[in-house]
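*Asks:* show me how the following folds:
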Amino acid sequence: MLKKSDILAAFVAGEIIALIVLAISKNIEELQKIPYIWSLCLILPLLSILGIYIAFLLSKKIKVIFQIAKFLLIGILNTFVDLGILNLLIWIFAIATGWLYSLFKAISFSISVVNSYFWNKSWTFKKVGKPETKEFVQFCTIAGIGFFLNVGIASLIVNIIGPQFGLSQKIWANIGAIIATIVVCTWNFLGYKFIVFKK
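*Replies:* Here you go, the predicted structure:
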């Protein structure tokens with residue numbers, strides 16, 4: 001049976017994602033045009049629970065699927081924490097390119113890594129106890145490599161390649177951040193599972 005703690009964690013993660021999307025829509029006008037965008041606050045938590053439940057059922061055949069599903073949900077949450085902070089900084093300073101974009105991306109990624117540590121330690125990989133120095137150093141090492149990959153790829157896409165397909169600079173800044181996150185996701189999962197939170 002799926003634990004209540006897994007249902008609650010999936011619900012909370014889905015709700016936080018929805019609230020961040022609503023906040024991001026304040027910076028990206030195109031998102032404001034989506035009808036009933038507020039309904040994400042109902043839809044995303046339910047989809048998160050459904051996805052975790054399906055993964056739980058599938059994990060009876062392939063055990064690691066449940067853990068991967070939790071990691072992906074937290075990865076999506078971390079992506080939106082990253083995007084939320086990035087868009088907040090873009091909105092405050094009205095800058096979506098150049099070296100300040102790279103600085104904003106570094107700040108937003110760093111905050112999302114802290115979020116990632118606590119969610120993945122306590123829920124995805126269920127590592128109990130106080131953080132050990134070795135564990136935290138390992139986490140910081142994996143996250144540090146991910147940091148350089150993430151900021152480097154996003155900066156390359158935004159500052160070198162530049163906006164494509166007639167997209168605005170703000171949307172392109174978010175596309176750069178998303179592509180970088182997708183690339184780093186696999187690195188993080190393998191590093192966290194087999195090095196940081198191994199049992």
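
*Asks:* give me the next element, helix or strand, following whichever helix or strand Ile111 is part of.
*Replies:* Under the assignment given by DSSP states H and E, the secondary-structure element containing Ile111 is helix 98-119. Beyond helix 98-119 in the direction of the C-terminus, DSSP H and E gives the next helix or strand as helix 133-155.

*Asks:* by how many degrees do that following helix and helix 98-119 diverge?
*Replies:* On the basis of axes from the mean of the first three to the mean of the last three CA atoms, to 10 degrees, helix 133-155 is oriented at 140 degrees to helix 98-119.

*Asks:* show me what counts as buried in the helix or strand just after helix 133-155.
*Replies:* Proceeding C-terminally, helix 133-155 gives way to helix 169-191 as the next helix or strand, assigned by DSSP H and E. Along helix 169-191, the positions that meet the burial threshold by neighbour count (16 or more other CB atoms under 10 Å) are 170-177, 179-181, 184-185, 188-189, 191. Using the backbone N, CA and C atoms, a C-beta is placed for each residue, glycine as well.

*Asks:* I'd like the average pLDDT over helix 169-191.
*Replies:* Here the mean pLDDT over helix 169-191 is 88, rounded to a whole number.

*Asks:* now that helix against helix 98-119, angle please.
*Replies:* Relative orientation of helix 169-191 and helix 98-119, computed by the same axes, to 10 degrees: 40 degrees.

*Asks:* same for helix 169-191, what does it pack against?
*Replies:* Using 3 or more CB pairs under 8 Å, 6 or more residues apart in numbering; DSSP states H and E as the contact criterion, the secondary-structure elements in contact with helix 169-191 are helix 64-93, helix 98-119, helix 133-155.

*Asks:* before we move on, back to that, got the buried residues for the helix holding Ile111?
*Replies:* Along helix 98-119, these residues count as buried under the neighbour rule (16+ other CB under 10 Å): 101-102, 104-109, 111-113, 115-117, 119.

*Asks:* quick one, that helix and helix 64-93 angle?
*Replies:* Using the same axes, to 10 degrees, the interaxial angle of helix 98-119 with respect to helix 64-93 works out to 140 degrees.

*Asks:* and helix 98-119, how far from the chain's centre?
*Replies:* When distances are taken as CA atoms, centre = their mean, to the nearest Å, helix 98-119 is centred 10 Å away from the chain's centroid.

*Asks:* and what of stretch 169-188?
*Replies:* Shown here is stretch 169-188, whose average C-alpha point lies 10 Å from the average C-alpha point of the whole chain (CA atoms, centre = their mean).
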